[in-house]
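Enquirer: Starting from these lines, generate the structure:
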Amino acid sequence: MRACPLLALLCLLPALHGSARAALPTGEPDAAAIEGKGRSATWAGGAAKRLPAADPRQDAFDVLDYDNQIAVDFDALKLWGWTAVTFRGAPGDTVTQLVLDFLEPMAVLAVRAADTSSLPYVHADGRLVIDLPRPLAETDTATVDIFFHGAPAPDGFLGFGFDTTPDGAPLASTLSEPWSARSWWPCRDDPRDKATYTARIFAPIGLTAVSNGARLTEEPPRFPAAKNARVWTELVPAAKDASPYQAFFWRESLPISTYHVSLAVSEYVELHDEWRGLPIVHYVYPSQVAAAQVDFAAVPDMLAFCSERFGPFPFAGQKFGMASFNWDGAMEHPTATSWGTVLMTGDARYETVVLHELSHEWFGNQVTCADWTQTWLNEGFATYAEALWAEYRKGATTRKWFMVARSVFEVWSGPLVREPGNPDPAYYFEDMVYYKGAWVLHMLRRWLGDPLFYACLQAWLEEPAVRFGSGTSDDFVRVCERVTGQDLGWYFPQWLYWTVYPKLDVGWLNSAPGALTVTVSQTQLPDPVYGDQAFNIPIELRIAGVGFVDTVSVFMDRRVQTFTLPAPGAVTSLTVDPDRWLLQRTGTVKQATPTGVAAPSTAPRLLPTSPNPLSAGGRIRWETPVSGADDLAIHDLRGRRLVARRWAERPAGPREFAWNGCDDAGRRCPAGVYLVTITCAPAPAAGSANGAGAAGDAAGAAGAAAPTAPVRLRGRLTLTR
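Expert: You can find the predicted model right below:
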């Protein structure tokens, strides 16, 4: 069918929206740059730039299934829809209202119970609040039917959009990440509340409708009651005369998040392939067929690659494929990735981006970030999958430079685990989420070795609490510690929560025959929250001399440390982190004179809490190399002081404070993140002026003296219950 003039006019909106985005990279394809989710300019509409407020009433229920019946009206540029929501009460709750997210200008036509009786509702300010006919206990389920229509407003990246293809055919497509599903259908738009999904899509004859899951050859049993079919035809003009429409039925039988629900309707050519019995079906515009056959040729190999490393394809018995839409990026909709037209080049230029989107079937779709502060669990994992693919296809050197290209420290801001409450959605998708997230996995792989590393990834995907559900960084850490049998409290917090990165200055000296002395200084600025704490990092050093090249490893847990290492002969050169396994910036690397070798650090330092995360009765630990008095304070993230302690002068050595998880008034502190500040005031040395000397972690120069002024240590505590 031909697009009406109004459609052509409205299609200017997506074009103008897309023109604000940065140009695609001209060098190596970069999924973070191509997806562009971290740029505010990519977001359409003022409403989309506000993090929706949480509604506590939604925690009282759990959605089990959505059944969406949608007629796509290209003449009126509207949707006519019927969503059946099946839900149950959450543990410990009784549900009296079903509170869904649904943005205006979409309008509700009617709300019915399963017996077709009308239910009272209020639709205002982006919420649809439905009064249930009777309270619903946690063991009970109920189904409510919502009938609606309207022209969805642009939202987020897209929400729902009408457009035309480069071939001139009509196009309707969706992209709902992170919270734009609510812009075109009523749902609980929260990534934690995953549900199975049925799509019954009615599209004009000659068009094909694509959605998640497996395509059904016939309409599934009417759900809920068949009587509602009469209501559908009464309320929906397009349904009264079904002759111009063709029905497409899709079923996603595994739980997915609302932002993963996809719909794409256009004149598509189907390209078929298969891998180990899994159908591979791409839906592309007629003019893209030849290009798509080249660009997607590696998908079977990619499926084999991912399944060998991450485990079986999560959506077995369904399909995998790409569906073309008009956008300058891609989106990992389960089993039906949306693939932007500008990425279809016919030369496999964006092969690593294809792999990135495919790997999301495991990381992001099978296991989903529990909230938008945890986006690195989606994007960091998919970016590192790109690195692994580059290594598989072209070798370790290619992987090395792939990671180097993603160590752009200067533009990173804030911690990798995003702070909650930021109103700008772009904040949750900054490039750092992709890049630093990949580095966290890269460094973990080096520390654990490939067998344990891949065992951790597969255990994460199979963890019952998160499999086809959602998880957090703490969940991932617990899985890694269980699989490895190691306490990784020294590793994860510094990379997930600190905002600085190690900067290393190195001095080395042939200190004796067959011996090399190396002094490494961490010279990064203090972290705004954690202060001058040292990173705990394994460092590889490549030493070379006449007739030998060798690589040695050291483990650094202080601001300045000196290591004496065996060497086959006189060393003539030293390279820090030659294979780029560490997220760091190397400053100076100098051969020192015998008097220029630095002494070990003599500064106080925080030690990992025990356990980590901290539980009630856990220990906050630190040590100081000199005798002195200590002050300790614990604050919440709003700056309120909860705990204050002071100790008189004590001998040098380790210190600890057992916190019972309560404030000084005896009130239980809720699980969450807290800030600890410890001030170490050294006792005056005999014959010295009280307070003389440099403040802070004054280690770094050769022969550094113990601090003579108070040193403040800052840290971040995670309290569990």
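Enquirer: chain center to stretch 66-75: distance?
Expert: 31 Å (C-alpha atoms, centre = their mean, to the nearest Å).
Enquirer: residues touching the residue nearest to Asp59 when sequence neighbours are not counted, list them.
Expert: Of all residues not flanking Asp59 in the chain, Ala90 sits nearest, at 6.3 Å (C-beta to C-beta, 6 or more residues apart in numbering). Any C-beta I mention is one placed from the backbone N, CA and C, and that applies to glycine too. Counting by C-beta atoms under 8 Å, 6 or more residues apart in numbering, Ala90 makes contact with 59-62, 138.
Enquirer: At which residues are the helices of the stretch 401-550 of the chain located?
Expert: With helices called from DSSP state H, counting those that start in this stretch, the stretch 401-550 of the chain shows them at 431-448, 450-462, 473-484, 492-497.
Enquirer: got CSV for those, with mean neighbour count, distance to Ala33 and mean pLDDT too?
Expert: As requested, the helices of the stretch 401-550 of the chain are arranged in CSV below (neighbours: other C-beta atoms under 10 Å; distance: least, C-beta to C-beta, whole Å; pLDDT from 0 to 100):
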stretch, mean neighbour count, distance to Ala33, mean pLDDT
helix 431-448, 23, 7, 97
helix 450-462, 17, 25, 98
helix 473-484, 19, 24, 97
helix 492-497, 21, 22, 97
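Enquirer: Which one, of the ones you listed, ends up nearest to Val261?
Expert: In terms of C-beta to C-beta, the element of those nearest to Val261 is helix 450-462, at 21.5 Å.
Enquirer: What about the contacts of Ala90, which are in strands?
Expert: 61-62 (DSSP state E).
Enquirer: Lowest-confidence one in the contacts of Ala90?
Expert: Least confident entry in the contacts of Ala90, by pLDDT: Glu138, with 85.
Enquirer: From Asp62, how far out is it?
Expert: The spacing between Glu138 and Asp62, counted by C-beta to C-beta, to the nearest Å, is 9 Å.
Enquirer: Which neighbours do these two have in common?
Expert: By C-beta under 8 Å, 6+ apart, the residues touching both Glu138 and Asp62 are 88-90.
Enquirer: In strands only, show me those residues.
Expert: Using DSSP E, 88-89 are the members of the shared contacts of Glu138 and Asp62 that sit in strands.
Enquirer: what would the shared contacts of Glu138 and Asp62 look like in TSV with pLDDT and distance to Arg399?
Expert: Formatted as TSV, the shared contacts of Glu138 and Asp62 follow (pLDDT from 0 to 100; distance: C-beta to C-beta, whole Å):
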residue	pLDDT	distance to Arg399
Arg88	95	46
Gly89	93	49
Ala90	88	44
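Enquirer: Going by distance to Glu270, which of the shared contacts of Glu138 and Asp62 wins?
Expert: For these, the nearest to Glu270 is Arg88 (37.7 Å; C-beta to C-beta).
Enquirer: quick check: mean pLDDT across the helix or strand where Glu308 lies?
Expert: Here Glu308, judged by DSSP states H and E, is contained in helix 299-310. For helix 299-310, mean pLDDT is 98.
Enquirer: List of residues touching stretch 633-650?
Expert: In contact with stretch 633-650 (C-beta under 8 Å, 6+ apart) are residues 627-632, 655, 657, 659, 663-664, 669, 672-677, 683, 717.
Enquirer: Quick one: end-to-end distance for that stretch.
Expert: Stretch 633-650 stretches 18 Å from its first residue to its last (C-alpha to C-alpha, to the nearest Å).
Enquirer: For it, buried residues please.
Expert: Judged by neighbour count (16 or more other C-beta atoms under 10 Å), stretch 633-650 contains these buried residues: 634, 642-643.
Enquirer: and if you look at stretch 566-585?
Expert: 567, 569, 571, 574-577, 580-585.
Enquirer: Do me a favour and get the end-to-end distance for that stretch?
Expert: With C-alpha to C-alpha, one end of stretch 566-585 sits 25 Å from the other.
Enquirer: Tabulate the helices of the stretch 401-550 of the chain (TSV), appending distance to Pro300.
Expert: Output for the helices of the stretch 401-550 of the chain, formatted as TSV (distance: least, C-beta to C-beta, whole Å):
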stretch	distance to Pro300
helix 431-448	25
helix 450-462	21
helix 473-484	29
helix 492-497	35
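Enquirer: Just give me the residue right at the centre of the protein.
Expert: Thr375 (1.8 Å; C-alpha atoms, centre = their mean).
Enquirer: ok so, going back, I'd like to check the angle between the helix holding Glu308 and helix 450-462, please.
Expert: Angle, helix 299-310 to helix 450-462, by axes from the mean of the first three to the mean of the last three C-alpha atoms, to 10 degrees: 100 degrees.
Enquirer: Helix 299-310: which residues count as buried?
Expert: 299-300, 302-303, 305-307, 309-310.
Enquirer: Touching the helix or strand just after it from outside, list them.
Expert: Using DSSP H and E, the helix or strand that follows helix 299-310 towards the C-terminus is strand 322-325. Here strand 322-325 makes contact (C-beta under 8 Å, 6+ apart) with 165, 171, 173, 175, 210, 262, 264, 266, 268, 282-285, 288, 292, 296, 333, 336-341, 344, 354.
Enquirer: Which of these fall within helices?
Expert: 292, 354 (DSSP state H).
Enquirer: Of the contacts of Ala90, which is the most crowded?
Expert: Phe61 (26 neighbours; other C-beta atoms under 10 Å).
Enquirer: Quick check: bridge partners of that one?
Expert: With DSSP bridges as the criterion, Phe61 is bridged to Gly89.
Enquirer: One more: Thr141?
Expert: Going by DSSP bridges, Thr141 forms beta bridges with Arg88.
Enquirer: pLDDT value on it, please?
Expert: pLDDT, Thr141: 95.
Enquirer: My read is that it contacts Thr86, right?
Expert: Yes - taking contacts as C-beta atoms under 8 Å, Thr141 lies within contact range of Thr86: 6.1 Å.
Enquirer: shared neighbours, those two?
Expert: By C-beta under 8 Å, 6+ apart, the residues touching both Thr141 and Thr86 are Leu64.
Enquirer: of the helices of the stretch 401-550 of the chain, which approaches Asp189 most closely?
Expert: Of these, nearest to Asp189 by C-beta to C-beta is helix 431-448, at 20.4 Å.
Enquirer: tell me the angle the closest one makes with helix 473-484.
Expert: For helix 431-448 against helix 473-484, the angle by the same axes, to 10 degrees is 10 degrees.
Enquirer: who's in contact with helix 431-448?
Expert: So helix 431-448 is contacted by 31-33, 38, 375-377, 379-384, 386-387, 403, 406-408, 411-414, 416, 418, 453, 456, 480, 484, 491-492, 495-496, 538, 581-583 (C-beta under 8 Å, 6+ apart).
Enquirer: Over to stretch 60-69?
Expert: 81-90, 93-95, 98, 136, 141, 185, 187-188, 193, 195-200, 202, 223-224, 232, 258, 261.
Enquirer: Buried residues in stretch 412-430, which are they?
Expert: In stretch 412-430, counting by 16+ other C-beta under 10 Å, buried: 412, 415-418, 425-430.
Enquirer: now, among these, which is nearest to Leu77?
Expert: Pro425 (25.5 Å).
Enquirer: And the pLDDT for the closest one?
Expert: 78.
Enquirer: Asp241 now?
Expert: 58.
Enquirer: from now on call the first residue 731
Expert: Okay, residue one is now 731; in that scheme the one you just asked about reads as Asp971.
Enquirer: which regions of the protein sit below the pLDDT cut-off?
Expert: 731-758, 765-780, 952-973, 1323-1332, 1415-1438 (pLDDT under 70).
Enquirer: 50 instead, please
Expert: 731-757, 770-771, 776-778, 954-957, 1326-1330, 1417-1435 (pLDDT under 50).
Enquirer: out of Thr871 and Thr816, which sits in the more crowded spot?
Expert: Taking other C-beta under 10 Å, Thr871 and Thr816 do not tie; Thr816 has more neighbours (18 against 13).
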